[in-house]
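Asker: Structural data only, the sequence is not supplied:
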Ligand SMILES: C[S@@+](CC[C@H](N)C(=O)[O-])C[C@H]1O[C@@H](n2cnc3c(N)ncnc32)[C@H](O)[C@@H]1O
């Protein structure tokens with residue numbers, strides 16, 4: 001244990017030294033654009049290493065009592081954050097770093113009681129959110145300022161704290177009352193609805209808006225770009241071919257500069273641009289198809305949108321398809337449901353057709369940094385709570401496909417240094 005701590009201290013000091021060197025170089029400001037790119041990437045790397053080290057340290061040095069204390073801090077942090085963002089407090093604090101606002105003026109501007117505001121802000125300040133540089137006057141920190149400058153960031157955190165958090169907290173009740181056996185999830189319990197997750201979100205405009213903001217924010221913060229899908233499968237070799245993409249993207253259009261042709265069917269749209277000989281049939285439920293047909297993607301001649309429920313037999317036209325593409329779909333469903341979806345596809349496949357699955361990959365325990373692993377596992381728990389879905393590791397992808405009559409796995413390709421995986425399957429020999 002003492003040795004572990006010693007090694008951890010050395011790692012931490014190394015990362016901190018590296019971080020400081022990067023900062024020093026950056027402030028000397030004598031570099032050209034190329035050096036600046038390297039510096040930014042080095043800074044990013046050493047910042048992440050520091051965060052990973054801190055996560056390991058916390059686990060290493062905390063006693064059970066301190067973990068309990070941390071849990072108290074965590075749930076207060078979550079609820080105070082929601083309170084401050086719902087009342088849009090960040091937008092009411094002056095952005096200029098020389099200017100501050102009194103608690104009284106801030107409370108009046110937000111229309112909230114001064115005493116509650118003050119108590120909630122003083123807790124939030126312990127988490128790096130806002131500051132009180134002189135008594136009774138509130139100022140921004142870089143963290144609180146980000147909410148005032150980036151509305152998508154505010155919306156995505158409101159989605160987490162106001163919608164995802166209650167859903168995650170119902171995981172216990174969901175298992176206790178065997179909701180999965182009734183086709184329901186923790187989400188159904190928390191929201192007191194029988195609607196499936198996506199149907200519920202699309203019926204609630206405020207939630208749909210928050211999801212749209214969430215998708216924009218996540219696509220700028222994480223590498224979920226379709227580039228890996230484009231590079232990882234030999235699309236060019238198909239020549240003139242027909243691809244059935246079994247789902248559209250779920251929520252509001254993302255700006256055309258982020259995703260080719262708007263978000264509706266953005267993955268097919270992006271592949272269509274790179275591989276002009278491919279023709280795409282993009283399927284989804286009726287409401288999604290109606291929205292897609294009204295989006296900019298509808299004008300692309302290589303794309304057609306078709307209503308289809310993937311638990312039903314594929315339309316006759318799919319029998320000529322060369323590829324069935326499932327991107328970020330199967331993690332939304334438990335294995336038995338995934339097999340139903342894949343069986344419908346297998347039944348429609350011509351002998352030379354392929355199934356291409358693009359999803360997140362669960363890495364083996366202990367092979368990633370603690371914080372990265374926690375985020376990956378959190379994504380898996382989110383799928384469990386929302387839709388009884390799951391993220392899968394390499395073995396689980398094999399098990400899933402092996403359990404589908406008429407499909408054989410061809411290859412599983414993890415993204416090097418990334419979060420994604422490509423699973424390619426072919427029709428079993430008769
Ligand atoms: C996570 S999104 C897929 C995202 C998209 N493929 C992408 O890569 O961005 C899941 C999609 O599955 C669709 N979906 C859910 N149930 C469906 C069903 N029974 N049949 C067809 N599509 C369905 C939803 O409407 C939603 O568009």
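Answerer: Received the coordinates, thanks. Keep in mind that this is a model prediction, so the values were computed, not measured. Residues are numbered from 1 along each chain as shown.

Asker: hang on, residue 179 packs against residue 185?
Answerer: Yes: Residue 179 is within contact range of residue 185, at 6.0 Å (criterion: Cβ atoms under 8 Å). All C-beta atoms are positioned from the backbone trio N, CA, C, and that covers glycine.

Asker: So which of those two has more stuff around it?
Answerer: Using other Cβ atoms under 10 Å, the more surrounded residue of residue 179 and residue 185 is residue 185, with 25 against 19.

Asker: how about residue 56, phi and psi?
Answerer: Residue 56 adopts backbone torsions of phi -70, psi -40, taken as degrees, to the nearest 10.

Asker: didn't it look like it was pressed against residue 373?
Answerer: No: under the criterion of Cβ under 8 Å, residue 56 makes no contact with residue 373, lying 10.7 Å away.

Asker: tally of neighbours for the residue of the stretch 251-400 of the chain found nearest the ligand?
Answerer: In the stretch 251-400 of the chain, no residue comes nearer to the ligand than residue 327, which is 3.5 Å away by Cβ to the nearest ligand atom. By the measure other Cβ under 10 Å, the count of residues near residue 327 is 20.

Asker: so what's it bridging to?
Answerer: On the basis of DSSP bridges, residue 327 is bridged to residue 358.

Asker: I'd like to check which residues are in contact with it.
Answerer: Residues counted as contacts of residue 327 (Cβ atoms under 8 Å, 6 or more residues apart in numbering) are 226, 229, 245, 247, 267, 357, 358, 359.

Asker: Kindly provide the distance from it to residue 376.
Answerer: 18 Å (Cβ to Cβ, to the nearest Å).

Asker: Residue 44 now?
Answerer: Applying Cβ to Cβ, the value for residue 44 to residue 376 is 19 Å.

Asker: what about these two, which has more around it?
Answerer: A count of neighbours by other Cβ under 10 Å puts residue 376 above the other of residue 44 and residue 376, at 16 against 11.

Asker: Surely that one and residue 365 touch.
Answerer: No: applying Cβ under 8 Å as the test, residue 376 and residue 365 come out as separate, 10.3 Å apart.

Asker: just to revisit the earlier point, next, show the common contact partners of residue 179 and residue 185.
Answerer: Counting by Cβ under 8 Å, 6+ apart, the residues touching both residue 179 and residue 185 are residue 388.

Asker: in stretch 211-229, what counts as buried?
Answerer: Within stretch 211-229, the residues scored as buried using 16 or more other Cβ atoms under 10 Å are 211, 212, 213, 214, 215, 216, 217, 219, 224, 226, 228, 229.

Asker: how long is it end to end?
Answerer: With Cα to Cα, to the nearest Å as the measure, stretch 211-229 spans 23 Å from end to end.

Asker: any bit of it sitting next to the ligand?
Answerer: No: applying Cβ under 6 Å from any ligand atom, one finds stretch 211-229 separated from the ligand by no less than 7.4 Å.

Asker: ok so, going back, min pLDDT across the contacts of residue 327, which one?
Answerer: On pLDDT alone, residue 247 ranks lowest of the contacts of residue 327, at 76.

Asker: Give me the neighbour count for the spatially closest residue to residue 86 that is not a sequence neighbour.
Answerer: Once flanking residues are discounted, residue 86 sits nearest to residue 158: 6.7 Å by Cβ to Cβ, 6 or more residues apart in numbering. For residue 158, the neighbour count with other Cβ under 10 Å is 21.

Asker: can you check residue 128 too?
Answerer: Residue 128 has 12 neighbouring residues, counting by other Cβ under 10 Å.

Asker: which parts of this protein sit against the ligand?
Answerer: 198, 247-250, 267, 284-285, 288, 309-311, 327-329, 332.

Asker: In the stretch 51-200 of the chain, what residue lies closest to the ligand?
Answerer: Proximity of the stretch 51-200 of the chain to the ligand (Cβ to the nearest ligand atom) peaks at residue 198, 4.7 Å away.

Asker: Touching the helix or strand harbouring that residue from outside, list them.
Answerer: Counting by DSSP states H and E, the element that carries residue 198 is helix 197-203. With Cβ under 8 Å, 6+ apart as the test, helix 197-203 has contacts from 185, 187, 191, 193, 195, 207-208, 211, 250-251, 285, 287-288, 332, 386-387.

Asker: check contacts around the residue sitting nearest the centre point of the chain.
Answerer: Central residue of the chain (Cα atoms, centre = their mean): residue 218, 5.5 Å from the mean position. Residue 218 makes contacts with 156, 224, as judged by Cβ under 8 Å, 6+ apart.

Asker: Okay, strands next: where are they in the stretch 251-400 of the chain?
Answerer: Using DSSP state E, counting those that start in this stretch, the strands of the stretch 251-400 of the chain run over residues 278-284, 303-307, 323-327, 354-360.

Asker: Can I get those strands in JSON lines including distance to residue 81?
Answerer: Converted to JSON lines, those look like this (distance: least, Cβ to Cβ, whole Å):
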{"stretch": "strand 278-284", "distance to residue 81": "34"}
{"stretch": "strand 303-307", "distance to residue 81": "38"}
{"stretch": "strand 323-327", "distance to residue 81": "32"}
{"stretch": "strand 354-360", "distance to residue 81": "26"}
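
Asker: The nearest residue to residue 244 once chain neighbours are set aside: how many residues sit nearby?
Answerer: Distance criterion Cβ to Cβ, 6+ apart; nearest residue to residue 244, sequence neighbours excluded, is residue 321 at 4.5 Å. For residue 321, the count of nearby residues is 23 (other Cβ under 10 Å).

Asker: Kindly report the same for residue 398.
Answerer: Neighbour tally, residue 398, other Cβ under 10 Å: 14.

Asker: Excluding chain neighbours, what is closest to it?
Answerer: residue 409 (5.9 Å).
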